[in-house]
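Asks: here is the input, now give the coordinates:
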Amino acid sequence: MIKKYVFLVLLFPSIYFAQEEKYPVFDACKDAEVQSLKDCFYAQTKELFFSEFKTPEIATEEGFTGTANTIFAVTKEGEFKLIYVNTPFDEIRDEVKRAFKVFSKITPAWYNDHAIEMKFELPIQFPLTNDSIVENASKEIKKESLIDVVAKKKIADSTFLEHNSKLNIPFTHRSYVDYEFALHKAKGTHTASKPYTYNEIKPYYDITKEKKKFLKPNKETWLGKKVWNEHLIQVKKEDYWLTVDVLFDLQIGKDNSDVDYTFNNSRIVNVNGEIGKNFSFSTTYSESQGRFAEYINSYITNPAANFKPKNSEGLVPGRGKTKGFKEDAHDYPVAEGYIAYTPNKYMQFQFGNGKNFIGDGYRSFILSDVSSPTTYLKMKVDFWKIQYTNIWMWNTEPSLSSVSDPNEHARKYVAAHYLSINLTDKLNLGFFETAISAGENGMDAGFMNPIIFYRSLEFNRGEDAGNAIVGLTGKYKLNNNISLYSQLVIDEFSVGNFSDMSDWKHKFAYQLGAKYFDAFKVENLFLQLEYNRARPYTFAHKSPILNYGNYSQPLGHLWGANFWEAIAIARYKKDRWSGSAKIIVGKKGFDLEDQAISYGGDIYQSYNDRVSDTGIEIAQGNTANIFIADFEANYLINPSTNTSLFAGLSYRDFSSDSVLTSYPSGSNVWLSVGVRADLFNWYFDF
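Replies: Next up is the predicted model:
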């Protein structure tokens, strides 16, 4: 019996050490004790890597500070295999790959008498100096669990493919708060020209890091992964990748009108991808039916001749024309898409059908996203202290017929420049110029010149052959949390009658605003105040086809002209939850119901029909007082597709001096809930 116990005592250590995990072994570590192999492996790995790794120039130029986490493995054959590099720069990723090629074959890790693959994490801290290399060398390389490594690899390879692309980040005011805050804190950035692209944002904000917190690795079924984590279809090859999603905007609600209930039912197909390093593409198609709050339905079915699309039953704000669905609902399809060519890190070209936005506010007089998608060509150049955006648009006016074909909608052409300059680390100025033309011959080739002054070209083309507008923007960084911004747009100004500001020719608009990030030191609390004011007849023209509009809607502020407006916005998020509150107070002058005289609020009315030449005042005509309160709560479902549950409550009080069929007076309370993908902004605050 005693012999058996002695045998077990002797056998136990041999079993224990036989099954103990043994780290990979460099030649320099072969004489080390088993207990010291771990430390020796770490030391040798760091010494070899950091003696070879060189900081890429772009990291120095961009002043990159942060950590590039590198996951690698030593295979059961003893070879080093790079798995994943979490970095915003392709150049850093390429340099890590190169540095790992110097590692020769070593003795693999060992467990239970078998060679095994073992995975590790190596953090690379930037800026990388001689001192920081020594500091890094004292850091322990973290050994990753297989579950964590697989999760990170999945993120790198399939879940967030778009994050390293040159595609647009879908523009919504709610989601852009984080990106704007990151750009605001950095030096030498530009924030007005939107939408941003992923490669613009990634040096300043790690979108993958933020989104992967919401992944649910315990979802192992196909359905669970697609609902909570992944794109519906995702293909990744060495030279291209592709994602396909079927998304929804499903809403149901009730307002205090006679409408039975409100709803929106959008089925959306969204395709994104990249071919090589220079070509990107995106397309979104939605088929929708909806019935909205009473005042929105009245807007959609506005019978005015200068609004209602020909051969159509109405116009859904921001989406496009509609046909009837059942008795009192609307059916409206929308197609958007673009291709992008990025020849180098300074320049990108886009051609497609969609929306663009220029400005730092909730609203914009320069260029907003309130009208329907339109065909556009965009060139954006970003170098030194300058960002230069050129946008050419082929717009449509569905209320007007083409001269050559009465069955075809009239076309108009808009060419716009926006030059943003960082004069100091705190002060940014922007200069805007746009020209509108129309005709059966398409856009004048002269407007394709990206650096010309459109005003002179428009003048030389012929008297009143077009319309030109100029503007100025300003942004001042008060501190790392507060920014002040402004816009001034001049459509026309009578210098000879400067002393009389009631002259109708003084057509201009301006904006003043402030943003407060992490307000009152509360993380993720965002506050915004904004004031907008537009003189009567601004953005209008004696020939309505030459106004600053698209698809019977303004290209600038949603309210057109002849108004003042004050806005207060608060946004907050915590984990998957986010919420917002918005208050709008304003006064606007409308035309009378017969539209015989223009009071300057409807940009689709000819200013030749103006009420007078002098005595012009803000909110003249059929004056309306407007109050809007809007509250919304969101719960993020899938971070890959930005799909969320939401609930919204809005209150609108509208009172005008005289009756307006398309803008009914009274108070409207609207409650709605649903699920939707966050792809664009809905604007119902009019």
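
Asks: now do stretch 573-587: distance to the chain's middle.
Replies: 17 Å (C-alpha atoms, centre = their mean, to the nearest Å).

Asks: which parts of it are buried?
Replies: 573, 578-580, 582, 584, 586 (16 or more other C-beta atoms under 10 Å). (Glycine included, C-beta is placed from N, CA and C.)

Asks: ramachandran angles for the closest residue to L636 other than its chain neighbours?
Replies: Distances taken as C-beta to C-beta, 6 or more residues apart in numbering put R576 closest to L636, at 4.3 Å, once the chain neighbours are dropped. Dihedral angles of R576 (phi, psi; degrees, to the nearest 10) stand at phi -80, psi -10.

Asks: sorry, back to before: out of the buried residues of stretch 573-587, which sit inside helices?
Replies: Residues of the buried residues of stretch 573-587 located in helices (DSSP state H): none.

Asks: and which of those is nearest I490?
Replies: G586 (21.7 Å; C-beta to C-beta).

Asks: tell me if I'm right that the residue nearest to L636 and F214 touch.
Replies: Yes. Here R576 reaches F214: they are 6.1 Å apart, a contact under C-beta atoms under 8 Å.

Asks: what's the overlap in contacts for those two?
Replies: L636 (C-beta atoms under 8 Å, 6 or more residues apart in numbering).

Asks: residues in contact with the one residue sitting closest to the centre of the chain?
Replies: Geometric centre of the chain, nearest residue: F171, 2.9 Å, by C-alpha atoms, centre = their mean. By C-beta under 8 Å, 6+ apart, the residues touching F171 are 194-196, 355, 357, 369, 680-681.

Asks: kindly reformat those residues as CSV and extend each row with distance to V403, pLDDT and secondary structure.
Replies: Shown next, in CSV, are those (distance: C-beta to C-beta, whole Å; pLDDT from 0 to 100; DSSP: H, G, I helix; E, B strand; the rest coil):
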residue, distance to V403, pLDDT, secondary structure
K194, 35, 98, strand
P195, 35, 98, coil
Y196, 39, 98, coil
K355, 28, 98, coil
F357, 32, 98, strand
D369, 29, 98, coil
F680, 33, 96, coil
N681, 34, 97, coil
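
Asks: report the separation between the residue nearest to G586 when sequence neighbours are not counted and N532.
Replies: Using C-beta to C-beta, 6+ apart and skipping the chain neighbours, the partner closest in space to G586 is E565 (3.7 Å). According to C-beta to C-beta, to the nearest Å, E565 and N532 sit 5 Å apart.

Asks: repeat that for F181.
Replies: Counting by C-beta to C-beta - F181 and N532 are separated by 23 Å.

Asks: neighbour count winner among these two?
Replies: N532 (26 against 21; other C-beta atoms under 10 Å).

Asks: what about the more buried one, which helix or strand?
Replies: strand 525-534 (DSSP states H and E).

Asks: tell me how far that strand lies from the chain's centre.
Replies: 19 Å.

Asks: one more: stretch 486-498?
Replies: Per C-alpha atoms, centre = their mean, the centroid offset for stretch 486-498 relative to its chain is 32 Å.

Asks: so what pLDDT did the nearest residue to G352 once chain neighbours are set aside get?
Replies: Using C-beta to C-beta, 6+ apart and skipping the chain neighbours, the partner closest in space to G352 is Y338 (2.5 Å). Here the pLDDT value assigned to Y338 is 98.

Asks: tell me the strands in the stretch 1-150 of the chain, going along the chain?
Replies: With strands called from DSSP state E, counting those that start in this stretch, the stretch 1-150 of the chain shows them at 66-74, 80-86, 109-111, 114-116, 118-126, 142-143.

Asks: got the angle for the first one vs strand 118-126?
Replies: In other words, strand 66-74. Going by axes from the mean of the first three to the mean of the last three C-alpha atoms, to 10 degrees, strand 66-74 is angled at 160 degrees with respect to strand 118-126.

Asks: in the protein, what secondary structure element scores lowest on mean pLDDT?
Replies: helix 130-137 (a mean of 35; mean pLDDT, DSSP states H and E).

Asks: isn't E79 up against K105?
Replies: Yes. Assessed by C-beta under 8 Å, E79 is found in contact with K105 at 5.5 Å.

Asks: of those two, who's got more company?
Replies: E79 (14 against 11).

Asks: tell me the pLDDT at the more buried one?
Replies: Predicted confidence (pLDDT) for E79: 93.

Asks: now it. Its backbone dihedrals?
Replies: phi -100, psi 140.

Asks: tell me the contacts of it?
Replies: Contacts of E79 by C-beta under 8 Å, 6+ apart are K105.

Asks: now T70
Replies: Counting by C-beta under 8 Å, 6+ apart, T70 has contacts 82, 84-86, 96, 121-124.

Asks: state the distance from the closest residue to it other than its chain neighbours to F103.
Replies: For T70, ignoring the flanking residues on the chain, the nearest one in space by C-beta to C-beta, 6+ apart is L122 at 4.5 Å. Separation of L122 from F103 (C-beta to C-beta): 12 Å.

Asks: out of the two, which sits in the busier spot?
Replies: L122 (23 against 20).

Asks: what's the distance between the more buried one and N69?
Replies: 8 Å.

Asks: same check on V177?
Replies: Taking C-beta to C-beta, one finds V177 at 26 Å from N69.

Asks: what does G320 give?
Replies: Distance from G320 to N69, by C-beta to C-beta: 45 Å.

Asks: neighbour count for the two, which is higher?
Replies: Applying other C-beta under 10 Å to G320 and N69 shows that G320 carries more neighbours, namely 21 against 16.
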